[in-house]
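> Only the shape, not the letters, is given here:
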Ligand code: ADQ
């Protein structure tokens, strides 16, 4: 486990009880004769979550699927694991063979799996599937309820357990419940095929957090709710849905792999030796390609083999020179998998019959499970890795290939329909449905210059290294802990942290740099922080009491107001002399004497004008849209747009914004879209600039409320104190509203 995650768990996770719920268990007890043997499934995710529970303690609830599972548990179906050094509890859920058939093979794998992978002709629905799906979910939920207390955080995994959160919420409303959805979430035109679409969506809205692999899936979920759960309130900017008084946050957390493990395995001398052995065992030529998949129709094996077939057909020069190794392990031994297996094997045979020579085979097909250490050898040896999913939540194989490419000689060909395509910049993206283009991309990978491959692979490796499985886990845990603590602290919050703040300020005052100086520098956002959010910007006025407080504070400490408004506008609104102002989200700064403007060119100003003109034309017929042109940046306010035309507005905005997303950073705030040139400073840059010039070693304290303030929260992480009005996982603390901001400033002024 990474040091960062270990430290986080030791420091911030203390006292929290974590309960993981998944269909598959991390340890399986198998009976052979009179003895029971324990097996640990090889999956990367299982072993990473196992690491976490070993560090945090807690409970993992899962289906007891092993033949010896019942023999080792106590009366409450619990067993301590890992067997060699027990540190957490595995609690097993018992399902009858009929339930397994209907809940697992039926509803999970013949309804939800094909549906979410847009393979509609494979969706097969029976009433009894759904009945047993609910029954099985009830059993999982009962097991959790036996163990959970009010401070527990329950982390549910995947599409087998959609109903569990609803049952838990009903019985224990105070629980913090998060659900990670490992597979894609399709759009409404697809999801509506599900006979229980609405029931599933409603049940999932009992979660506090739903994590998806990429933002598209979170947006699709939001659209599905908007279309079918009429009484739910969807907030696209905050990515939240409120239903029956409960709010669910949706967020993308791209899953990853244990980079260090694959990198280390691939670098070892044993791997070099294994590569030599593989080359001789399969009589491999100099150039090798690799594909590693579960034998699964969503992974696009047929398309891949067709593209390879076309490659050898079109380009004779690759015959005898390139072999493609396909490792395909069957994991579901029922229809439609059996037919799929036959089709794949027939195609492999066809290619081999057509092109093989006495010394060379175009495709080596292996249908066995391969240990990670051996996989690392295949990955490292391969000059090309191919992932050709028809649709995939993420796809870990592409990342494993990259982590194992220690020589940086290989190239990754990646389906644009795998979630991983969002992140893995540098891979050759393909549309696997377009066999000709796909085949041409293989040719491109095989003939790419060494330098280009190295450059691309090096960037890919950095990406995967910096975003490994442990970062994924800690991002999710942080969000869960944040949600859990927001629940527990009802009412006024800042009194809870006065001690911490006091200590930080005192330490700064006593430090060498802080001697004789006011110990902090106060940064304040304007709208939503000093004033409540108003219907339109011209109606947001700062209260006299708030202004007096700032006047009082500025006598003792430096103060800066940082706003998304134009510089002149925010100066006039606040109306206080001798403080620093930053406008346009930090890209214009008034330091007391002059205006400093971050680099932005005339061409981006002209482009912004074109953008706004296009928006104005397209939305002219929608009442309530207010386009605020601030020269360097712009805000598109839509607080007053009526609900029934909101989706039309979103569609128009998204369509036009697409043409400009290469040049502008477009973010959403509270009923507003913010448009900023990519190279303009954001609020975090402004805070850093101000601190470098005027900070004098003081502690920055930043108060803000919106997504654009998160840049500032991140900029002062571990260097200052960030406070979000309404709360944000990026901020250290939070306040409820302007009354609490006032109380807080009062408290500061009295120090
Ligand atoms: P999968 O579709 O199972 O799960 P995928 O991302 O394709 O996951 O990873 C498959 C894993 O199985 C890899 O770690 C790979 O090494 C391993 N594997 C495949 N064939 C193997 C073999 N023959 N021997 C040994 N190991 C083999 C779902 C979603 C994905 C998502 C994951 C994680 O469908 O989109 O990435 O969950 O969230």
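Right, received. Where do you want to start? Remember, it's a predicted structure, so these values are computed and weren't measured experimentally.

> May I have the phi/psi pair for the residue in the stretch 151-300 of the chain that the ligand sits nearest to?
Closest residue of the stretch 151-300 of the chain to the ligand, Cβ to the nearest ligand atom: residue 182 (3.6 Å). Heads up, the C-betas are built off the backbone N, CA and C, glycines and all. Recorded main-chain torsions at residue 182 are phi -80, psi -20, according to degrees, to the nearest 10.

> Just the pLDDT at it, thanks.
Residue 182 carries a pLDDT value of 95.

> buried sites along stretch 218-233?
For stretch 218-233, a neighbour-count test (16 or more other Cβ atoms under 10 Å) marks 218-229, 232 as buried.

> try stretch 68-76
68, 69, 72, 73.

> Can you give the contact residues for it?
Around stretch 68-76, the neighbours that count as contacts under Cβ atoms under 8 Å, 6 or more residues apart in numbering are 25, 28-31, 36-37, 64, 79, 91-92, 94, 146.

> what two of these are the furthest from one another?
The distance between the two most remote of these (Cβ to Cβ) is 27.7 Å, for 37 and 146.

> center of this structure - which residue?
residue 253 (1.3 Å; Cα atoms, centre = their mean).

> In contact with that residue, which residues?
180, 211, 212, 213, 472, 475, 476, 479.

> contacting residues for the residue nearest to residue 198 when sequence neighbours are not counted?
In space, and not counting its chain neighbours, residue 198 is closest to residue 228: 5.0 Å by Cβ to Cβ, 6 or more residues apart in numbering. Residue 228 makes contact with 188, 192, 197, 198, 201, according to Cβ under 8 Å, 6+ apart.

> Count the neighbours of the third one for me.
Burial of residue 197 is recorded as 18 neighbouring residues (other Cβ atoms under 10 Å).

> same check, this time on residue 367
Neighbour count of residue 367, defined by other Cβ under 10 Å: 14.

> Run through the residues that contact it.
When contacts are taken as Cβ under 8 Å, 6+ apart, residue 367 is in contact with 295, 327, 328, 329, 330.

> and which of those is nearest to the ligand?
Nearest member of the contacts of residue 367 to the ligand, counting by Cβ to the nearest ligand atom, is residue 329, at 3.4 Å.

> mind checking which helix or strand the residue nearest to the closest one when sequence neighbours are not counted is in?
Distance criterion Cβ to Cβ, 6+ apart; nearest residue to residue 329, sequence neighbours excluded, is residue 369 at 4.9 Å. Assigned by DSSP states H and E, residue 369 belongs to neither a helix nor a strand.

> What of residue 351?
Judged by DSSP H and E, residue 351 forms part of helix 337-355.

> mean confidence for whatever helix or strand comes next after that helix?
Tracing the chain C-terminally past helix 337-355 and defining elements by DSSP H and E, one meets strand 363-366 next. For strand 363-366, mean pLDDT is 98.

> swap in stretch 652-659?
Averaging pLDDT along stretch 652-659 yields 89.

> From what I see, residue 615 and residue 655 are in contact.
No: with contact defined as Cβ atoms under 8 Å, residue 615 does not reach residue 655; the gap is 10.1 Å.

> So which of those two has more stuff around it?
residue 615 (21 against 11).

> Could you tell me which residues of the chain lie near the ligand?
Residues of the chain that fall close to the ligand, judged by Cβ under 6 Å from any ligand atom: 44-45, 182-183, 255, 292-294, 327, 329, 369-370, 375, 392-397, 400.

> now, which of those residues lie within strands?
Among the residues of the chain next to the ligand, the residues falling in strands (DSSP state E) are 292, 293, 294, 327, 329.

> how about the nearest residue to the second one, chain neighbours excluded?
Yep, that's residue 293 we're talking about. Nearest to residue 293 is residue 299, by Cβ to Cβ, 6+ apart, at 4.2 Å.

> Show me the shaky parts of this structure.
1-4, 11-12, 42-44, 488-518, 599-602, 669-670 (pLDDT under 70).

> what's the domain layout of it?
Domains of the chain are assigned by automatic domain parsing as 13-184+198-216, 259-467, 498-598+681-750, 602-677.

> Any idea which of those gets closest to residue 243?
Of all those, it is domain 13-184+198-216 that lies closest to residue 243, at 4.3 Å by Cβ to Cβ.

> Tell me how many other residues crowd the closest residue to residue 258 other than its chain neighbours.
Spatial nearest neighbour of residue 258, chain neighbours left out: residue 469 (5.3 Å); criterion: Cβ to Cβ, 6+ apart. Using other Cβ under 10 Å, residue 469 has 26 neighbouring residues.

> OK, contacts around residue 469?
Applying Cβ under 8 Å, 6+ apart, the residues near residue 469 are 44, 45, 48, 255, 256, 257, 258, 259.

> Going through the residues you listed, which ones are buried?
The neighbour-count criterion (16+ other Cβ under 10 Å) marks 44, 45, 48, 255, 256, 257, 258, 259 among the contacts of residue 469 as buried.

> what helix or strand does the third one sit in?
This points to residue 48. Assigned by DSSP H and E, residue 48 belongs to helix 44-56.

> what's that helix packed up against?
On a contact count with 3 or more Cβ pairs under 8 Å, 6 or more residues apart in numbering; DSSP states H and E, helix 44-56 meets helix 3-12, strand 17-22, strand 88-93, helix 469-488.

> swap the cut-off to 10 Å and go again
Judged by 3 or more Cβ pairs under 10 Å, 6 or more residues apart in numbering; DSSP states H and E, helix 44-56 is in contact with helix 3-12, strand 17-22, strand 59-63, strand 78-81, strand 88-93, strand 152-157, helix 259-267, helix 469-488.

> check contacts around the residue lying closest to residue 252 once chain neighbours are set aside.
Closest residue to residue 252 apart from its sequence neighbours, by Cβ to Cβ, 6+ apart: residue 215 at 4.6 Å. Taking Cβ atoms under 10 Å, 6 or more residues apart in numbering, we find residue 215 in contact with 239, 250, 251, 252, 254, 422.

> Buried ones only from the residues you listed, please, as a ChimeraX command.
Buried subset of the contacts of residue 215, written as a ChimeraX selection, criterion 16+ other Cβ under 10 Å:
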select :239,250,251,252,254
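
> Can you get me a residue count around the closest residue to residue 380 other than its chain neighbours?
With Cβ to Cβ, 6+ apart as the criterion, residue 380 has its nearest non-adjacent residue at 4.4 Å, and that residue is residue 266. Neighbour count of residue 266, defined by other Cβ under 10 Å: 25.

> is it true that residue 266 touches residue 408?
No: the criterion here is Cβ atoms under 10 Å, and residue 266 misses it with residue 408 at 11.4 Å.

> Tell me the spacing between the residue lying farthest from the centre of the chain and the ligand.
Of all residues in the chain, residue 358 has its C-alpha farthest from the mean position, at 48.8 Å, by Cα atoms, centre = their mean. Note on residue 358: its distance to the ligand, by Cβ to the nearest ligand atom, to the nearest Å, is 29 Å.

> where along the stretch 601-750 of the chain do the helices fall?
Under the criterion DSSP state H, counting those that start in this stretch, the stretch 601-750 of the chain contains helices at 602-619, 643-660, 683-694, 710-715, 738-750.

> ok, residue 723 to the ligand distance?
As defined by Cβ to the nearest ligand atom, residue 723 lies at a distance of 34 Å from the ligand.

> nope, residue 556 is what I was after
To the ligand, residue 556 is 52 Å away according to Cβ to the nearest ligand atom.

> quick one, phi psi at the closest residue to residue 328 other than its chain neighbours?
Nearest non-adjacent residue to residue 328, counting by Cβ to Cβ, 6+ apart: residue 295, 4.4 Å away. The phi/psi pair for residue 295 (degrees, to the nearest 10) reads phi -70, psi 90.
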